[in-house]
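1. Let me see the structure of the following:
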Amino acid sequence: MQAMSAPEFKDGLIKEIPNLRAFAASLSGSMQLADDLVQDTLLKAWGNSEKFEPGTSLRAWLFTILRNTYYSLYRKRGREVQDSEGTYAERMAVHGNQESHLDLADFRRALAKLPEEQREVLIMVGATGLSYEETAEICGVAIGTIKSRVNRARSKLAELLSIKGLDDLGPDRQSAAAVQRTGPEIVRL
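-> From the prediction side, this is the model:
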């Protein structure tokens, strides 16, 4: 059988919207959810119009799509946990990050207190990820000089920020992950 033209298919979809809304409302019990289901159904039908077999019932095909969409949504919601009392949320151990902006401000002030040559190489090596060799080439000095400046800058920053060990870096996952990835030299900042 010959496939439906796009205008015929579109007209067929539009004609079925009231029936789809009624069916979706009876399934979901909510007009808002029904409208969302109808919209999803129409989008799926339009995107798969080549799969519709002319001569069969467009309404039945659309109802099948709507029904499957609803049950997929229903199954997904079944895996979600309702926590209106906050019971599950209370058990989650997440440290607040309210102090992170203060930590950043402290870091910026401490960084500004470093001598310019130390601050410059620390930013090149630590923040931009340049190698010691690349930094030495850019600054026009020996690699040993760059390593020395970075070491002095890290030590001075740690002193200014009162960082004596890993425990002083805070409980957040990002700090812990950074320490684990980079190793103990992070303490020298």
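2. Need the per-residue pLDDT for residue 133.
-> On pLDDT, residue 133 comes in at 92.
3. Tell me the pLDDT of the closest residue to it other than its chain neighbours.
-> For residue 133, ignoring the flanking residues on the chain, the nearest one in space by C-beta to C-beta, 6 or more residues apart in numbering is residue 143 at 6.0 Å. Placement of C-beta: from N, CA and C, glycine included. What the model reports as pLDDT for residue 143 is 94.
4. Would you agree residue 143 is in contact with residue 136?
-> Yes. In this structure, residue 143 sits in contact with residue 136. The criterion is C-beta atoms under 8 Å, and the distance is 4.6 Å.
5. out of these two, which sits in the busier spot?
-> The residue with the greater number of neighbours, taking residue 143 and residue 136 and applying other C-beta atoms under 10 Å, is residue 136; the counts read 19 against 14.
6. For the more buried one, give its distance to residue 151.
-> Spatial separation of residue 136 from residue 151 under the definition C-beta to C-beta, to the nearest Å is 14 Å.
7. Not counting the helix or strand hosting residue 122 itself, show me its contacts.
-> If you go by DSSP states H and E, residue 122 is part of helix 116-122. Residues from elsewhere that reach helix 116-122, judged by C-beta atoms under 8 Å, 6 or more residues apart in numbering: 111-112, 114, 135, 139, 146, 149-150, 152-154, 156-157.
8. Are there helices or strands packed against the one helix or strand residue 21 maps to, and which ones?
-> Secondary structure from DSSP H and E places residue 21 in helix 6-28. With contacts defined as 3 or more C-beta pairs under 8 Å, 6 or more residues apart in numbering; DSSP states H and E, helix 6-28 has these neighbours: helix 31-47, helix 58-79.
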